[in-house]
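Q: Build me a model:
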Amino acid sequence: MHKLAPVAVLAGMMFALAVACFESRVTCAQEGDEIVSGVPWSDDERAEYVLLDRGTQEECGTGTLTVERQGDRYQLTLSFVADANSDVSTVVVDDETLQPFSVRRERVIDGETEAVEGEYDRDEQVIRVVEFTGDDDPREVPRRLDEEVYYDNESSIFIWRTIRFEEGYEAKYTAVLVNQGGAARDVGLRVREKEEITVPAGTFDAWRVDITTDDVDQVAFFADTPEHQLLFYDNSLQIFQLVSFEP
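A: Presented below is the predicted three-dimensional model:
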């Protein structure tokens, strides 16, 4: 397996993105609106991916995305492995709005473990971030959230599956990044035309979604099925390709 620097392999999960609506004539969800049009997954779901280096196209890791219902909440988990290094994020969200309750991200890099957790308090409009690094005492960083509608950044891949899939649809929303102390960033999406795409899991008709910011362009393809599973994702560093899917 071609080996990349661990930080490069795992850094692509940072979705600090922003875009404005392109044309007033297309359907558009403005910042501050809820963008979840419907939850497409079942109470338990598992998807597995191969990660390719964007430049060399060589395999550089694997990824697993899972959904698990917990009462009136979902636990959304992303797990990425590259040799002995790993990056695991778990977000607990409302089962209808996908607004976050908590998040934990843990990375193992060259044998060293670091973790960060966040608890969302909607009454106080804050996220309380706790950072765990090495032998140091945990450090709590409260951050005020001024937006009424926001989603946790680590749930981005899941959130994108819930938008309205029609050509020209645009959405803009706020993502909160626990690994950056709870900083809030604007995220923009635009649905393009359907295309046929082939990945290890098979050939599918898929919706292309452009994801942009002022310094990076990304693209993802979602199956034109009721589940809208993620088939292909180019995050500008790695390419994710679906290997298997258990709805």
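
Q: Against residue 153, how distant is residue 173?
A: 11 Å (CB to CB, to the nearest Å). For glycine as for every other residue, the C-beta is placed from the backbone atoms N, C-alpha and C.

Q: Residue 123 too?
A: 22 Å.

Q: Would you point out which residue is most central in this structure?
A: Centroid-nearest residue in the chain, with CA atoms, centre = their mean: residue 156, separated by 2.6 Å.

Q: ok so it is a strand residue?
A: No: going by DSSP: H, G, I helix; E, B strand; the rest coil, the assignment for residue 156 is helix, not a strand.

Q: Hmm, it is touching residue 175, no?
A: Yes: assessed by CB atoms under 8 Å, residue 156 is found in contact with residue 175 at 6.4 Å.

Q: Pull out the buried residues from stretch 120-133.
A: 120, 127-131 (16 or more other CB atoms under 10 Å).

Q: Check the offset of that stretch from the chain's centre.
A: Distance of stretch 120-133 from its chain centroid, counting by CA atoms, centre = their mean, to the nearest Å, is 19 Å.

Q: for the longest strand seen in the chain, packing partners?
A: Looking across the chain with DSSP state E, the single longest strand is strand 183-199. Judged by 3 or more CB pairs under 8 Å, 6 or more residues apart in numbering; DSSP states H and E, strand 183-199 is in contact with strand 170-177, strand 202-212, strand 230-234, strand 238-246.

Q: Could I get those in a markdown table, plus columns for mean pLDDT, distance to residue 47 and mean neighbour count?
A: A markdown table is the format used below for those (pLDDT from 0 to 100; distance: least, CB to CB, whole Å; neighbours: other CB atoms under 10 Å):
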| stretch | mean pLDDT | distance to residue 47 | mean neighbour count |
| --- | --- | --- | --- |
| strand 170-177 | 93 | 21 | 23 |
| strand 202-212 | 96 | 13 | 18 |
| strand 230-234 | 98 | 7 | 23 |
| strand 238-246 | 97 | 5 | 19 |
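
Q: got those as TSV, with distance to residue 98 columns?
A: Output for those, formatted as TSV (distance: least, CB to CB, whole Å):
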stretch	distance to residue 98
strand 170-177	11
strand 202-212	17
strand 230-234	15
strand 238-246	20
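
Q: quick one, which of those is nearest to residue 75?
A: Each of those was scored for nearness to residue 75 using CB to CB, and the closest is strand 238-246 (16.1 Å).

Q: I'd like to know the predicted local confidence at residue 215, please.
A: The model reports residue 215 with a pLDDT of 73.

Q: Give me the secondary structure label for it.
A: coil.

Q: That one and residue 94, how far apart?
A: Distance from residue 215 to residue 94, by CB to CB: 31 Å.

Q: out of the two, which sits in the more crowded spot?
A: Per other CB atoms under 10 Å, whichever of residue 215 and residue 94 has more neighbours is residue 94, with 14 against 9.

Q: That one contacts residue 101, doesn't it?
A: Yes: counting by CB under 8 Å, residue 101 is a contact partner of residue 94 at 7.2 Å.
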